[in-house]
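*Asks:* pasting the sequence and the predicted coordinates here, then a few questions.
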Amino acid sequence: QVQLVESGGGLVQAGGSLTLSCAASGRTFSTYAMGWFRQAPGKEREFVAAISRSGSVTNYADSVKGRFTISRDNAKSTVYLRMNSLEPEDTAVYYCAARPNPSATMSENFYNYWGQGTQVTVSS
């Protein structure tokens, strides 16, 4: 089992940047593929980005491609989401998730463990 704690959220102006971090407990972080998801008020949770357990494969939602970058540091048991050129539409609670599988899947149904979320608010 793994526990996930997100940090780095906050209030930023449109066009600005933020980096989210997700620290995982346990010694087996490198065996998990990791994902970032977000949920805006009144909307369903949606996929943002995912990274394979080795870090060699990444996937992104079309809405963030070219602006967001997912990365991981297995030695620190941490996954990151660098968000550039933020837009008001990016406002949401951002969640990281882990799955005990090598593949960077986009479906939340395949993720077993979730963090508590961190709020990102982008002002116009």
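*Replies:* Right, received. Where do you want to start? Bear in mind the structure is a predicted one, so any value in this text is a computation, not a measurement.
*Asks:* ok, now which ones touch the nearest residue to residue 55 once chain neighbours are set aside?
*Replies:* Leaving aside its sequence neighbours, residue 55 sits nearest to residue 72 (Cβ to Cβ, 6 or more residues apart in numbering; 5.1 Å). Yep, even glycine has a C-beta here, placed from its N, CA and C like the rest. By Cβ atoms under 8 Å, 6 or more residues apart in numbering, residue 72 lies in contact with 34, 51, 55, 78, 79, 80.
*Asks:* can you list the strands that whichever strand or helix holds the first one pairs with?
*Replies:* Element membership for residue 34, per DSSP states H and E: strand 33-39. Strand partners for strand 33-39, identified by DSSP bridges, are recorded as strand 46-51 (antiparallel), strand 92-99 (antiparallel).
*Asks:* contacts for stretch 28-35?
*Replies:* For stretch 28-35, using Cβ under 8 Å, 6+ apart, the contacting residues are 2, 22, 24, 47-54, 70, 72, 74, 77, 79, 96-106, 108, 111, 113.
*Asks:* mean confidence score for it?
*Replies:* Mean pLDDT, stretch 28-35: 95.
*Asks:* thanks again, I'm all set now.
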